[in-house]
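Colleague: Model the following, please.
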Amino acid sequence: MNGDTAAQTPTGTDHTAQGGVGVPVLTDQASPAVPAPRAPGPDRPERPSWLSRLARHGYTPPPRATLTERLVPPMPDGPGVTPARVPPSPLLLRLGAAVPAPLWSWLCRWAGWLGPLAVALFGGLLRFSGLGEPHAIIFDETYYAKDAYALWHGGYEISWPDGANEQIMAGSTVPYRPDPSYVVHPPVGKWIIGAGEQLFGMNPFGWRFAVALLGTLSILMVARIARRLFRSTLLGCVAGLLLAVDGLHFVLSRAALLDLVVMFWILAAFGFLLLDRDRTRARIASRLGGVADSAAARRLNLGWRPYRIAAGVCVGLTCATKWSGLYVAAAFGVLTVLWDAGSRRLAGADRPYLWTLVRDVVPAFVSIVVVSVVVYITSWWGWFASSTVPGRGGYGRDWAVGRDTAFPWIPEGLRALWHYHSTVYDFHTHLSDPHTYQSNPWSWLVVGRPVSFFYESPKQGQAGCTVSDCAREVLGIGTPLLWWAGVVALVYCLWRWAARRDWRAGAVLCGLAAGYLPWFAYQTRTIFLFYAVAFVPFLVLAVTMLVGALIGPPGASRDRRIIGSAAAGLLILLIMWNFLFFYPLYTGQTIPMDDWRKRMWFNSWI
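Modeller: Next comes the predicted model:
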């Protein structure tokens, strides 16, 4: 996770000498001729035989990067990086597309924002189009849409009367009452869902609006994160596009469930940690003046780190949406410490892990763990503010009132919350109520058992059905080709991390492991494929890294780049086609039963 062997060129192009991720720029110029090898001498050591063989096929090794460039690889474009005047694109000139020079230079300078924003706009249009359909309470919306309403109107979740769903869908008065209800998930995700209900009413569009907004923003975030991670605006846009056309992310963006909210805060925390990594390394490079210094590297005080504190806030909001965020706190805490150790080692420190332990572990613990605990407890403010009179406040709010305790110095509210949480923990660890769509985490990456959120079988003349039998379904399933490519991409990332010490691959694997591996400890519990949306952005980043490897490094020959770009483009087009093929099942469209069966590729999908 903290390796620094991925070389960086002074121009900001991120690649490795062994074929890592790079910026895929094709030109119409012929590949430069390979110069004849010079005789080895004292000032020129003998070139390894494997490098000579690569050179005969057009490979040019990147120039040796300075310490500053290794600590902080330049971004590919942007103000301060892109020249004020950029030469016209040879490809556009060949196509006859003449762009005025000032406009072209402006577009190149701001491509790092314009590209991700365009991809996010595309994903947002997909998600908000027909957001109110199906006009029904689908799957677990029956819990979270109503809990969200209760939080905004009373500060705590309530027990709803029988027939509440029917009254809500009929558009009549919402049957709110103050009776408290026992719930097993923290409140942040429901507060967010309720914000949309406050804006647009207690209806499907209202309770799905905020989640769709977070889904759209997460596309922008993953594009910017990938751009910073791989130092490539093109690969950033590829990552955003892939997330936009993932079926599971799409379906969860259009449903009032908590899991998309969990994913959003995990991704935000990762993005802040990535910003913190670059900011901290820039400070180290500035203090060292571009020269490695063992003594200085040991003494370095990395100072105020607002981005890491922001990451801690996001981790706290993850935990305050679902408890699965606890694993994220642990994984990201280790990740940021390992990144600090890598920075000190690169700066020249001997025994970098020891000095990181001495100087960096405690600040990291405070930034991630302490901050997240404060955020988590604060998120229960509505419950704390409710009445301690039995039946008039949040569930269990009155538990500690007048109760003897060995810890009288702890406020009654905190003691009551602790007791409430102990019962919730017991519920989560012993939940084994069989469900038709439950699945084992071993099957998630190959989308073995999706979840049907909504299903109807309209007959001819009903719900737009034009044949004798139709189907209408919202199926929670990832875009199959994207996920299957993701399996290959994860193997590639494991190799990059283990064999090449590529920190980018380690970071992607860390994020995916935090959202995925913990579920293997609960294989007897009732769990579902849609929990996997928490790590979908990292699956997308892995596929993006694979796409960069297919395209090839900038030092490769023109033919290699063309073939690699064609392969990468074909993969992306196939994934987009696969998304469009399953689009009717993602949106609950009415289709003939025969067309529905064509999309049930495996019996386990039915």
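Colleague: contacts, neighbours, all on C-alpha from now
Modeller: Noted.
Colleague: Give me the neighbour count for residue 594.
Modeller: 11 (other C-alpha atoms under 10 Å).
Colleague: Tell me the pLDDT of the residue nearest to it when sequence neighbours are not counted.
Modeller: Ranked by C-alpha to C-alpha, 6 or more residues apart in numbering and with sequence neighbours excluded, the top spatial neighbour of residue 594 is residue 470, at 8.0 Å. What the model reports for residue 470 is a pLDDT of 95.
Colleague: Not counting whichever helix or strand residue 470 is part of itself, show me its contacts.
Modeller: In this structure, residue 470 sits in strand 470-476 according to DSSP states H and E. Applying C-alpha atoms under 8 Å, 6 or more residues apart in numbering, the external contacts of strand 470-476 come out as 247-248, 251-252, 450-460, 529-530, 584-594, 596.
Colleague: Using PDB, write out every CA atom in it.
Modeller: Taking C-alpha atoms only, strand 470-476 is exported to PDB below (Å, rounded to 0.1, in the frame of the first residue of the first chain):
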ATOM      1  CA  CYS A 470     -45.100  -9.200 -19.500                       C
ATOM      2  CA  ALA A 471     -42.700  -8.700 -16.600                       C
ATOM      3  CA  ARG A 472     -41.800  -5.500 -14.700                       C
ATOM      4  CA  GLU A 473     -38.900  -5.700 -12.300                       C
ATOM      5  CA  VAL A 474     -36.300  -3.700 -10.500                       C
ATOM      6  CA  LEU A 475     -33.300  -6.000 -10.100                       C
ATOM      7  CA  GLY A 476     -30.400  -5.200  -7.900                       C
END
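Colleague: What pairs with it, parallel or antiparallel?
Modeller: Using DSSP bridges, the strands paired with strand 470-476 are strand 451-456 (antiparallel), strand 590-592 (antiparallel).
Colleague: mean confidence score for the first one?
Modeller: If I follow you right, that is strand 451-456. So the average pLDDT for strand 451-456 ends up being 95.
Colleague: now swap in the shortest one and tell me
Modeller: Model confidence over strand 590-592 averages 96 on the pLDDT scale.
Colleague: what comes up buried for it?
Modeller: Residues of strand 590-592 classed as buried by neighbour count (16 or more other C-alpha atoms under 10 Å): 590-592.
Colleague: Report the next helix or strand after that strand in sequence order.
Modeller: helix 593-599.
Colleague: For that next one, list the C-alpha coordinates in CSV.
Modeller: Written as CSV, here are the backbone C-alpha positions of helix 593-599 (Å, rounded to 0.1, in the frame of the first residue of the first chain):
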residue,chain,number,x,y,z
MET,A,593,-41.9,-12.1,-20.6
ASP,A,594,-39.7,-13.6,-23.4
ASP,A,595,-37.4,-10.5,-23.2
TRP,A,596,-37.3,-10.8,-19.4
ARG,A,597,-36.2,-14.5,-19.7
LYS,A,598,-33.5,-13.5,-22.2
ARG,A,599,-32.0,-11.4,-19.4
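Colleague: How about that helix, which residues are buried there?
Modeller: 593, 596.
Colleague: And for it, what's in contact with it?
Modeller: By C-alpha under 8 Å, 6+ apart, helix 593-599 touches 469-471, 581-582.
Colleague: now with 7 Å?
Modeller: 469-471, 582 (C-alpha atoms under 7 Å, 6 or more residues apart in numbering).
Colleague: Ok, stretch 254-261 next?
Modeller: 127, 131, 140-141, 144-145, 189, 193, 207-208, 211-212, 252-253, 321, 531, 533-534.
Colleague: want to throw the strands paired with strand 470-476 into a markdown table with distance to residue 376?
Modeller: Shown next, in a markdown table, are those (distance: least, C-alpha to C-alpha, whole Å):
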| stretch | distance to residue 376 |
| --- | --- |
| strand 451-456 | 30 |
| strand 590-592 | 42 |
